[in-house]
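S.K.: Need coordinates for the below:
(one chain, ligands or ions: 2)
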Amino acid sequence: MQKLNLKGLTKRYASTAVVDHIDLALQEGEFVSLLGPSGCGKTTTLRMIAGFIDPSEGTIEMNDRLLSSPAASVPPERRNMSMIFQSYAIWPNMTVFENVAFGLRARRRPRDEIVRRTNEMLSIVRLDQLSDRYPNELSGGQQQRVALARAIVVKPEVLLLDEPLSNLDANLREEMRGEIRRLHDEFRMTTVYVTHDQSEAMAISDRIAVMNKGKVDQLDVPVNIYRTPKTRFVAGFIGRTNFIEGRPNGDVVDFTGFNVAKSSLGTTGIPAGVSTFSVRPQSMEVFAAQPAEATRPVIPGKIANRTFLGETWDYTFAAESGLRLRVVSSPANALEMHQPVWLRIDPSQIVRVEDSPANA
Ligand SMILES: Nc1ncnc2c1ncn2[C@@H]1O[C@H](COP(=O)(O)OP(=O)(O)O)[C@@H](O)[C@H]1O
Ligand SMILES: [Mg+2]
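M.R.: Ligands and ions are numbered 1, 2, ... in the order given. Predicted coordinates:
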């Protein structure tokens, strides 16, 4: 059984579909991120799941029961979901304890149960020493833990988070995403997590739905999203990449200035005619001397640009054919501007990408 099932979910404002026929099914206990740039429809999707917005088209089901359709909608307070917003909005006039206990009080649980569950939750998020403090006496990370504790203590069927870490500084963001994942592994709550930060989505998710202009371009586990991006948009949004054009020719694919056996590429089923391929800067190596190589393509050229980033050298390689590629290299591999070099490509990391459905 699917825990949460979005089918053809669509929201139009005037005639524009800001969420456009999204299909997404979450298994019980799964953690799925909606990842995409600002304005691609993430918050609108999440608010439809929560029941704050009704769809123009399509349905939302939980446990095979209809929650939302254009004709009828279960109100948010009867969905048994918790939502955490970017501005975590914990109540300033309540202590940490009162904030976390709030949902249990609203559900009229017996007093001793409220005290027990609230204290348990506070110790899980390591706020038990701070239970009498007010929010203005807490750091940003502590406030965010209060918001998490308050959302989780009521044992929601689905937890919804909308860019919950974007108000925190970079170090704290990394710590808190670990915390959110730890809480998820402890409670196994079905979770939909919205973010525009690709590394956050990679680190925290079981699966990622990459959104582009109201559509889901790709839904997959983080490794596949990175290694075999389906569209040009996904390839470019998840990390950096190079796009090259190739055309199948018998058993090989011809690229500009080199060719590769079809069977050694990272994708199969390449159609006739010109296609776009993605190859990551990490999938190539540059050498000052020509490397001995039997199988992988080696292309002569020059260093056309270089930037030292501490952890890596970032080179622009310019082939004699005119092809230009960005390559990253170890800090020890220092090459001079205009120096003749050889580029070796790992063909298994060359993958074909399609146009996004939203751009079709
Ligand atoms: N109430 C509304 N009326 C009209 N347009 C809206 C409304 N809410 C959101 N939008 C538009 O829908 C698009 C998607 O918004 P949103 O879901 O907030 O994106 P995201 O959360 O991915 O940044 C944006 O272009 C936004 O301007
Ligand atoms: Mg948003």
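S.K.: List the residues that contact the nearest residue to residue 289 once chain neighbours are set aside.
M.R.: The spatially closest residue to residue 289, leaving aside those adjacent along the chain, is residue 342, at 7.3 Å (Cβ to Cβ, 6 or more residues apart in numbering). Backbone N, C-alpha and C define where each C-beta goes, glycine included. Going by Cβ atoms under 8 Å, 6 or more residues apart in numbering, residue 342 touches 286, 287, 289, 290, 291, 298, 299, 300, 301.
S.K.: is it true that residue 99 lies in a helix?
M.R.: Yes. According to DSSP: H, G, I helix; E, B strand; the rest coil, residue 99 belongs to a helix.
S.K.: what's the pLDDT at it?
M.R.: What the model reports for residue 99 is a pLDDT of 96.
S.K.: Count the neighbours of it for me.
M.R.: 24 (other Cβ atoms under 10 Å).
S.K.: residue contacts, it?
M.R.: Taking Cβ under 8 Å, 6+ apart as the definition of contact, the neighbours of residue 99 are 90, 91, 135, 146, 149, 150.
S.K.: Can you add pLDDT, secondary structure and distance to ligand 1 and give the residues you listed back as a markdown table?
M.R.: As requested, these are exported to a markdown table (pLDDT from 0 to 100; DSSP: H, G, I helix; E, B strand; the rest coil; distance: Cβ to the nearest ligand atom, whole Å):
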| residue | pLDDT | secondary structure | distance to ligand 1 |
| --- | --- | --- | --- |
| 90 | 88 | coil | 22 |
| 91 | 91 | coil | 25 |
| 135 | 93 | helix | 25 |
| 146 | 93 | helix | 24 |
| 149 | 92 | helix | 25 |
| 150 | 93 | helix | 22 |
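S.K.: Taking these, please make a PyMOL selection of just the buried ones.
M.R.: Only the buried entries of those go into this PyMOL selection, using 16 or more other Cβ atoms under 10 Å:
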select buried, resi 90+135+146+149+150
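S.K.: which parts of the protein sit against ligand 1?
M.R.: Contact residues of the chain with respect to ligand 1, defined by Cβ under 6 Å from any ligand atom, are listed as 13, 18, 36, 38, 39, 40, 41, 42, 43, 44.
S.K.: Out of the contacts of residue 342, which is nearest to ligand 1?
M.R.: Nearest to ligand 1, judged by Cβ to the nearest ligand atom, of the contacts of residue 342 is residue 286 at 37.7 Å.
S.K.: So what are the sheet partners of the strand or helix carrying the closest one and their directions?
M.R.: Element membership for residue 286, per DSSP states H and E: strand 284-287. Strand pairing for strand 284-287, using DSSP bridges, gives strand 340-345 (antiparallel).
S.K.: ok, residues contacting the helix or strand just after the strand it pairs with?
M.R.: Heading C-terminal from strand 340-345, the first helix or strand you meet, by DSSP H and E, is strand 351-353. With contact meaning Cβ under 8 Å, 6+ apart, strand 351-353 is reached by 227-232, 234-235, 243, 246, 265-267, 270, 275-279.
S.K.: Then stretch 4-17?
M.R.: Defining contact as Cβ under 8 Å, 6+ apart, one finds that stretch 4-17 is touched by 18-26, 41, 44-45, 48-49, 53, 55-62, 64, 158, 190, 192, 214.
S.K.: Show the buried residues in those.
M.R.: Burial by neighbour count, 16+ other Cβ under 10 Å: within those this picks out 18-22, 24, 26, 41, 44-45, 48-49, 53, 55, 57-62, 158, 190, 192, 214.
S.K.: Show me these that map onto helices.
M.R.: Judged by DSSP state H, the subset of the buried ones among the contacts of stretch 4-17 located in helices is 44, 45, 48, 49.
S.K.: Residue 19 is in contact with the second one, correct?
M.R.: So the one you mean is residue 45. Yes. A contact is recorded between residue 45 and residue 19 when judged using Cβ atoms under 8 Å, the distance being 5.3 Å.
S.K.: In terms of residue numbering, what are the domains of the protein?
M.R.: Structural domains assigned to the chain are 2-230, 236-359, following automatic domain parsing.
S.K.: among these, which is the most enclosed?
M.R.: Stretch with highest mean neighbour count among these: domain 2-230 (a mean of 18; mean count of other Cβ atoms under 10 Å).
S.K.: from the chain's centre, how far out does that one sit?
M.R.: Relative to the chain's own centre, domain 2-230 is displaced by 14 Å; criterion: Cα atoms, centre = their mean, to the nearest Å.
S.K.: what are the phi and psi angles of the closest residue to residue 73 other than its chain neighbours?
M.R.: When the adjacent residues along the chain are set aside, residue 73 lies closest to residue 54, with 4.9 Å between them (Cβ to Cβ, 6+ apart). Residue 54 adopts backbone torsions of phi -90, psi 140, taken as degrees, to the nearest 10.
S.K.: separation between residue 54 and residue 14?
M.R.: Distance from residue 54 to residue 14, counting by Cβ to Cβ, to the nearest Å: 16 Å.
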